[in-house]
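Asker: next come a sequence and a model predicted from it.
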Amino acid sequence: MKVYFPPFSSLMLPCVKFCPNEDELIYYYLHPKVIGEPLSLGGVEVVNVPEFDVFRVKEPDKIWDMIWGEDSAPDCVYFFTTASAAQSLLETWRYEDSEVIYDENTGYPIAIKRQFYYENHDSPQDGYWIMNEYSLDIEGSMLLLPSGPSSSYVACELCKNNLDEIDQNETTAFFDEYQYKTTTYFDEYQNEITISFDEDQNETNSKKKKLPVQLQQCHPRKKQNCN
């Protein structure tokens, strides 16, 4: 049975996209989830980020469809899961990189982001998905965290990795660079030819003006010393 979690509350306009930046995702969604406080908007409880059991479903397209539905086309989807469940994704997801997220105002660390790529050579989806995992389990964090099961929650951002578009962009960039280099080389080569021609022309004109005396033609009717 497909479960659909609406990305917006009834208070939000249909044209509004749910696309929090990292600070907003951590402060207004992940931290309240970890400390057990309900997500609220103006005192009204809302659920914009669902909790999802990735122990049960690991295929990215199924996670996507069960959270947003097949008819939705957002840039990314978000969900909560436990750190242990997220760890189980390493069976089919390749760890790529991690970075510490710092508070924009204080500069203190507030979370750590780990990036994964879907890697399953037996699947046509191989390489077509990216997932960012946000965890508050970071040394020196300025956020107060409880001790208990809720402290193990992480927020996941699942995004489509449009390889066709990336390949097209890389191909376009390659040909743009090739055309630029070719045009630049042609212009430089043409300038060199023009400069060389001008120098040869100037040298020829100079020789015409300053012919050696012995090469000057004597007028047959005038007595000239051509020696």
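Answerer: Ah, there it is.
Asker: please name the nearest non-neighbouring residue to residue 112.
Answerer: residue 138 (4.6 Å; Cβ to Cβ, 6 or more residues apart in numbering). In short, each C-beta sits where N, CA and C put it, glycine included.
Asker: against residue 111, how distant is the one you found?
Answerer: Taking Cβ to Cβ, to the nearest Å as the measure, residue 138 falls 6 Å from residue 111.
Asker: name the helices or strands packed onto the helix or strand encompassing residue 115?
Answerer: Assigned by DSSP states H and E, residue 115 belongs to strand 109-118. Contacts defined by 3 or more Cβ pairs under 8 Å, 6 or more residues apart in numbering; DSSP states H and E place strand 109-118 against helix 22-25, strand 93-102, strand 129-135.
Asker: okay, and the beta partners of residue 114?
Answerer: In this structure, residue 114 bridges to residue 98, residue 133 when assessed by DSSP bridges.
Asker: make residue 1 into 8 and carry on from there
Answerer: OK, 8 is where the count begins now, so the last one is residue 121.
Asker: mean confidence for whichever helix or strand residue 163 is part of?
Answerer: Counting by DSSP H and E, the element that carries residue 163 is strand 160-167. Averaged over strand 160-167, pLDDT sits at 92.
Asker: just the CA coordinates of that strand, formatted as PDB?
Answerer: This file holds the C-alpha atoms of strand 160-167, laid out as PDB (Å, rounded to 0.1, in the frame of the first residue of the first chain):
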ATOM      1  CA  TYR A 160      17.300  10.900  14.200                       C
ATOM      2  CA  VAL A 161      18.800  12.200  11.100                       C
ATOM      3  CA  ALA A 162      17.300  14.200   8.200                       C
ATOM      4  CA  CYS A 163      17.800  12.900   4.700                       C
ATOM      5  CA  GLU A 164      17.600  14.900   1.500                       C
ATOM      6  CA  LEU A 165      17.000  12.700  -1.600                       C
ATOM      7  CA  CYS A 166      17.600  14.300  -5.000                       C
ATOM      8  CA  LYS A 167      17.600  13.100  -8.600                       C
END
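Asker: mind giving me the domain split of this protein?
Answerer: 29-168, 176-222 (automatic domain parsing).
Asker: lowest-pLDDT helix or strand in this protein?
Answerer: Least confident element among the helices and strands of the chain, by mean pLDDT, DSSP states H and E: helix 170-216 (a mean of 58).
Asker: now the angle from the strand holding residue 122 to strand 136-142?
Answerer: Strand 116-125 runs at 160 degrees relative to strand 136-142, counting by axes from the mean of the first three to the mean of the last three Cα atoms, to 10 degrees.
Asker: what are the contacting residues of strand 116-125?
Answerer: Residues outside strand 116-125 that contact it (Cβ atoms under 8 Å, 6 or more residues apart in numbering) are 29-30, 33-34, 37, 67, 96-97, 99-110, 132-150, 168.
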